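>>> coordinates for the following, if possible.
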Amino acid sequence: MKGRARILIAAMAALFSCAAAADEAAPALKGHVTLSRHHTTNVLDSPLARADWYTLLRGALEETVTHDHGATRFMAHVDLRRHDLYAIEDDAALALAAETTLRVSETLELRGTLSLRLVEEGDEMAVADTFIGIRTRRVVPAVQLQAGWKLSPDTTLVVEAAAARDMPGLTRFEAGLLPDTRLEPVRERLRLAATLTRSAGALSYGMMAGTGFTRAHAVGDLPRLDIHDHTVKALAQLTLPEGPTLAAAAGLQMLALPAASFREIRPTWEIAAQVPLAGRLSLRGSFKGAYDMASNDDPVAVWMRRLEFVAGYRLHPALTVGAGVFSQRRDFLGVGTAEKSRGAYGEAVWQAHEKLALTLRLDATRTTLLPFGIERRGLDAHLAVKTEL
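Numbering: from 1, shown residues only. Take a look at the predicted model:
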């Protein structure tokens, strides 16, 4: 426990010292650090619940450098999770990114982003009634390019292309019980999309079309999979002067695996509304259905539907309370199973200072694995301290 505490303190000190050093040369540097203490009744997220405490440290730094034709942002994000009892669940992640925006002309703007994520993820593997800890390191470099054209004062076309390579390493087993093994495939993801929007006062509307390609390399008994996905949908957003916002999107998605002669088309939709009431009360809701092509929980894809409602109320200029509920279903197309989840949360946020906030939050979730009827329940309580740098 002492070793973990030293790691957390050292990481926080490094973030603060970096911010202070950079602040002398670049006053525009921004950042934040959040340190939270959690208690969960189901640390392994399994039917056999085990309670544990864990500490979560998150920190981010961002600096923007302006130049003649635009600006460049440099970003860094650190995420550390350390458990008191079940160290097999410890995680660590570092994300670095640089984003450059160039205004080529009055009607054309270009943006390029380079990013790198380094992750070490702890998990467990169930063997009968026991669990064996496993640990996997992952490197994810990515690049994204965007071009925005102003075709007319009210019409904009945005074209974007993105590529990422997800490279998990060999999985290491607790105490060397089994030799290091590759359990996850290397994945390459490519995406190309175009969005055309037009504004008419408070209303904006348009169309989006996109195509994606995912290649999951062979691993173990799983052969190489080439997955194609295509999306076309209509978009609309209404923003009223009083503050209410309504956004909606609807269309079709097609998923295809040419080698397996598999193809299916499903609807995709997203509805989101945000309504401020009486100055202190705000309501927000959303309902979404789509393929989740970024998930690694299934070798092919995940078909996800999620309904969510959130309410917030400002009791005092420095004190806000909120609550939310959600219902979600995820179908794992390659494995042939599904997961149904429901949950609720309540929180209180105290803005103790302009740059210091305290959050007390309680989450309750219940997840059922279908068609087996295996149920997992969890209750997580945490106290977080967030400071702006």
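>>> pretty sure residue 144 sits against residue 112.
Yes: contact status for residue 144 versus residue 112: in contact at 7.2 Å, counting by Cβ atoms under 8 Å. (Each C-beta comes from the backbone N, C-alpha and C, glycine too.)
>>> for the stretch 201-350 of the chain, which segments count as strands?
203-216, 225-239, 245-257, 262-277, 281-292, 302-316, 319-332, 337-353 (DSSP state E, counting those that start in this stretch).
>>> in the shortest one, what's buried?
By neighbour count with 16 or more other Cβ atoms under 10 Å, strand 281-292 contains the buried residues 282, 284, 286, 287, 288, 289, 290, 291.
>>> nearest to residue 195, of the strands of the stretch 201-350 of the chain?
Closest approach to residue 195 among the strands of the stretch 201-350 of the chain is made by strand 203-216 (4.5 Å; Cβ to Cβ).
>>> mean confidence for that closest one?
Taken as a whole, strand 203-216 has a mean pLDDT of 97.
>>> go on, stretch 328-339?
94.
>>> average model confidence for stretch 353-370?
Averaged over stretch 353-370, pLDDT sits at 95.
>>> now render the buried residues of strand 281-292 as a markdown table, adding distance to residue 130.
Shown next, in a markdown table, are these (distance: Cβ to Cβ, whole Å):
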| residue | distance to residue 130 |
| --- | --- |
| 282 | 47 |
| 284 | 43 |
| 286 | 40 |
| 287 | 40 |
| 288 | 38 |
| 289 | 38 |
| 290 | 37 |
| 291 | 35 |
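>>> tell me which of these is nearest to residue 255?
residue 291 (6.1 Å).
>>> quick check: residue 175 is in a helix.
Yes: judged by DSSP: H, G, I helix; E, B strand; the rest coil, residue 175 forms part of a helix.
>>> how far away is it from residue 88?
Taking Cβ to Cβ, to the nearest Å as the measure, residue 175 falls 10 Å from residue 88.
>>> so for the two, which sits in the more crowded spot?
More crowded of residue 175 and residue 88, by other Cβ atoms under 10 Å: residue 88, with 19 against 7.
>>> residue 268 versus residue 293, what's the distance?
With distances taken as Cβ to Cβ, residue 293 is found 12 Å from residue 268.
>>> tell me the strands beside the longest strand seen in the chain, with direction?
Across the chain, the strand with the greatest residue count (assigned by DSSP state E) is strand 130-152. Paired neighbours of strand 130-152 in the sheet (DSSP bridges): strand 108-127 (antiparallel), strand 155-168 (antiparallel), strand 172-173 (antiparallel).
>>> with distance to residue 347 added, can I get these in CSV?
CSV is the format used below for these (distance: least, Cβ to Cβ, whole Å):
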stretch, distance to residue 347
strand 108-127, 26
strand 155-168, 32
strand 172-173, 36
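>>> after the helix or strand bottoming out on mean pLDDT in the chain comes which helix or strand?
Here the helix or strand of the chain ranked lowest by mean pLDDT, DSSP states H and E is helix 2-25, holding a mean of 43. Moving toward the C-terminus from helix 2-25, the next helix or strand (DSSP states H and E) is strand 30-40.
>>> who does the very next helix or strand once past that following strand pair up with?
Next helix or strand after strand 30-40 toward the C-terminus (DSSP H and E): strand 52-67. If you go by DSSP bridges, strand 52-67 pairs up with strand 30-40 (antiparallel), strand 70-83 (antiparallel).
>>> for strand 52-67, what is the average pLDDT?
Here the average pLDDT along strand 52-67 is 94.
>>> my guess is residue 37 contacts residue 383. True?
Yes: using Cβ under 8 Å as the test, residue 37 is close enough to residue 383 to be in contact (5.5 Å).
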